[in-house]
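Enquirer: Turn this into a model:
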Amino acid sequence: MYQVLYRKYRPKSFSDVYGQDHVISTLKNEIRENRISHAYLFTGSRGTGKTTCAKILAKAVNCENSADGEPCNACEVCRGLDGGTIYDVVEIDAASNNGVDNIRDLREEANYTPTRGRYRVYIIDEVHMLSTGAFNALLKTLEEPPAHVIFILATTEVHKLPATILSRCQRFDFKRIQPETMAVRLKEVASLEGMTLADDAATLIARIADGALRDGLSILDQCSSRNKNIDSQLVSQVAGLAGREVLHKLTNCVNDKNSSAAMEIIAELYQNSYDMERLCVEMINHFRNFLIVKTVKKSRELIVCTDDEYNSILEGAKQFTLENIILGLDLFQNTLTKIKAGANSRIEMEMSFIKLCEPKLDSSNEAVLERLSQVERAVRNGAAVQITSPVSATASSAAQMKNEQEVRTAQDNVAFPAFNTAADDKSFEKTEPKKEEKRQESPAPKAAVLDYRTEPQFSPEETAQQKSSPITQPVQQGVSEFEHWAEFLDIIHKTDIALFGVLSGAGAHLDSGRFVIDSTNPTIKQFIQIPTHLKAIKQAVLEVTGQPYKIAVSKPKSQQQQKRDLLEDLINRAQNNVEINFE
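Expert: The predicted model follows:
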């Protein structure tokens, strides 16, 4: 009968155990110095070697020729325990033997001396499954067992054990086996079995196994049934993975807002019997890699992949902002929860990608706030406004928009003399209020449409009118609107968060070599007087414009001349029968 790899290559000595050096060294020292405890507790995730180490420990304490804490595997006791002919080691499954009666039988058997070895060893696997009564029945025996009895408890859920049990055992925590360590073991087993295992395939199996060597050997065993030459593509097919190329194609669809292409890829994966729940897990891990690249300096150490895959992750992460990555993670996490609750996996995955490709369909608070912030940044920057109107109202619409821009610019640039923020800083100068010329108002149009986009498109007539707009031309000689306010705020947000809060809702214009801040916030004066804040402003302006400017502050003459709030402005336009389109 064929024996699966994880049973065939189960370690028979401590030296064959991978990834648990902190446990092995302690156990060997106790055996070598004859300081064997009466109760041990092995805890950790599945496939990390808890039961294997328990069996090796039981064999080592009974070995007749133990050397350096290791069993010899050659004496009669070792061979008898491996072959099952000596019954001094008893393995109990607590999942099916969890009652009080089972523990009472165990207590009675513990009184008998061992038949061949020095100790009777009871290995209780999945001990957290014992009932409350069974735990109570075990307490006294576990605390003061006969001198010839050793208890080894193994569990994956140590938090379910009573504190009275924990206090009576020596606890050993088994760690997840590192992917690099597991890949070495997989290649060793593949070599012994006459297989050819590629490095990237070994790394992929280790990543799928998630720290469980038993799972990794099972995947290797399944791959060898199809082909003795194992590569990453074969592993992906056997494990039901979509593959790195497909993941990058899907993220490109999200970045390009191409929901149609994403639907075609999902349909192809579904036809090829790829598990949609597994695809959701892979997308979570994929976005998690983007998150690590964006936030961690030494991200290479936290991402298990080949160098080529890591370079692809770096390129893919550049296409997304940190906010979009977190939004995608939240969306796929919620999708995975719905799938596990019984929802149709394919439909849930399709809806997730449509929401990512079409942000206006996502009604979550995070998505709405992200869209609003994009609109505010675009409108505040001044270059994200596109004016479109019916042919009959084109001329009047353009005239009205030009007039409104001129009036707004005039209000923003009427200022009181600025306060000098630092006596020793000569670059901070006063800004004299500018006199505005009266302009003739144009008749109000019937309707106009504002379309906020990243790259505005204008008709030839509108383009000529926009070129003469005061937004891009100086209001007076030497005065011009600062068009990169959004970029300026982004830099301030990274360097001086307190100043960023004070500058929120403000604006700026350039006046003959001066960077003039237009703000109605009275606290801006005190902040500008602090040298660190002033330095932050200078540096941000230099990064955005490439030129050094002197810093100044202007102040409106009256409350009625304050700069209008963006959202309030949008409301007024809606009330005046001006349609506003957010796309």
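Enquirer: what ranges do the strands span in the protein?
Expert: 39-44, 89-93, 120-125, 149-155, 170-174, 196-197, 229-230, 385-388, 448-452, 479-481, 507-511, 514-518, 550-554, 578-582 (DSSP state E).
Enquirer: If you count contacts, what does the second one end up packed against?
Expert: So that's strand 89-93. helix 50-62, helix 100-109, strand 120-125 (3 or more Cβ pairs under 8 Å, 6 or more residues apart in numbering; DSSP states H and E). Placement of C-beta: from N, CA and C, glycine included.
Enquirer: want to try JSON lines for these, with mean neighbour count as columns?
Expert: Compiled in JSON lines, the helices and strands packed on strand 89-93 are given as follows (neighbours: other Cβ atoms under 10 Å):
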{"stretch": "helix 50-62", "mean neighbour count": "23"}
{"stretch": "helix 100-109", "mean neighbour count": "15"}
{"stretch": "strand 120-125", "mean neighbour count": "23"}
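Enquirer: Who are the contact partners of residue 125?
Expert: 51, 91-95, 154 (Cβ atoms under 8 Å, 6 or more residues apart in numbering).
Enquirer: Just list the residues touching the closest residue to residue 121 other than its chain neighbours, thanks.
Expert: Among residues not flanking residue 121 along the chain, residue 58 sits closest, at 3.9 Å (Cβ to Cβ, 6 or more residues apart in numbering). By Cβ under 8 Å, 6+ apart, residue 58 lies in contact with 81, 89, 119, 121, 123, 150, 152.
Enquirer: Distance-wise, check the residue positioned nearest the centre of the chain relative to residue 547.
Expert: In the chain, the residue lying closest to the centroid (Cα atoms, centre = their mean) is residue 288, at 3.5 Å. Separation of residue 288 from residue 547 (Cβ to Cβ, to the nearest Å) stands at 41 Å.
Enquirer: now do residue 323
Expert: Residue 323 is 31 Å from residue 547, by Cβ to Cβ.
Enquirer: again with residue 156
Expert: Distance from residue 156 to residue 547, by Cβ to Cβ: 63 Å.
Enquirer: How about residue 315?
Expert: Distance from residue 315 to residue 547, by Cβ to Cβ: 33 Å.
Enquirer: next one: residue 85
Expert: 89 Å.
Enquirer: Where does pLDDT dip in the stretch 401-550 of the chain?
Expert: 401-478 (pLDDT under 70).
Enquirer: ok, residue 156 and residue 547, which is more surrounded?
Expert: residue 156 (17 against 10; other Cβ atoms under 10 Å).
Enquirer: now that one: how far from residue 70?
Expert: Taken as Cβ to Cβ, the span from residue 156 to residue 70 is 27 Å.
Enquirer: and if you look at residue 296?
Expert: With Cβ to Cβ as the criterion, residue 296 and residue 70 are 40 Å apart.
Enquirer: Compare the two (neighbour count), which wins?
Expert: residue 70 (21 against 12).
Enquirer: How about that one, nearest residue that isn't a chain neighbour?
Expert: Here the residue nearest residue 70, using Cβ to Cβ, 6+ apart, is residue 13, at 5.2 Å.
Enquirer: pretty sure the one you found contacts residue 73?
Expert: Yes: counting by Cβ atoms under 8 Å, residue 73 is a contact partner of residue 13 at 6.4 Å.
Enquirer: Return the residues in contact with the closest residue to residue 160 other than its chain neighbours.
Expert: Among residues not flanking residue 160 along the chain, residue 128 sits closest, at 4.0 Å (Cβ to Cβ, 6+ apart). Going by Cβ under 8 Å, 6+ apart, residue 128 touches 94, 155-158, 160-161.
Enquirer: again, only this time at 10 Å
Expert: Listed by Cβ atoms under 10 Å, 6 or more residues apart in numbering, the contact partners of residue 128 are 43, 94-95, 98, 135, 153-162, 165.
Enquirer: Filter these down to the buried ones.
Expert: Among these, those buried by neighbour count (16 or more other Cβ atoms under 10 Å) are 43, 94, 98, 135, 153-156, 158, 161, 165.
Enquirer: Of all pairs in those residues, which one spans the longest distance?
Expert: The most widely separated members of these, counting by Cβ to Cβ, are 43 and 98 (17.8 Å).
Enquirer: Okay, now the unreliable bits of the protein?
Expert: Looking at the chain by pLDDT under 70, you get 359-478, 555-583.
Enquirer: do you know how far residue 74 is from residue 284?
Expert: Residue 74 is 49 Å from residue 284, by Cβ to Cβ.
Enquirer: Neighbour count: the two, which is higher?
Expert: residue 284 (17 against 11).
Enquirer: which residue packs closest to the more buried one, ignoring adjacent ones?
Expert: residue 332 (4.9 Å).
Enquirer: ok, now residue 345?
Expert: residue 276 (3.6 Å).
Enquirer: related to what we said a few turns ago, pretty sure the residue nearest to residue 284 sits against residue 283.
Expert: Yes: Residue 332 lies in contact with residue 283 (Cβ atoms under 10 Å); the separation is 5.1 Å.
Enquirer: OK, contacts around residue 203?
Expert: Residue 203 touches 179-180, 182-183, 186, 232, 235, 304-306, 309, counting by Cβ under 10 Å, 6+ apart.
Enquirer: Could you pull up the residues touching residue 254?
Expert: Contacts of residue 254 by Cβ under 10 Å, 6+ apart are 262, 283, 287, 319-320, 324, 328, 352-353, 355-357.
Enquirer: gap between it and residue 290?
Expert: 11 Å.
Enquirer: hmm, back to that, wait, which of the contacts of residue 203 is closest to residue 344?
Expert: Using Cβ to Cβ, residue 235 comes nearest to residue 344 of those, at 27.9 Å.
Enquirer: So what's the residue count around the residue lying closest to residue 174 once chain neighbours are set aside?
Expert: Nearest residue to residue 174, sequence neighbours excluded (Cβ to Cβ, 6+ apart): residue 44, at 2.9 Å. Using other Cβ under 10 Å, residue 44 has 22 neighbouring residues.
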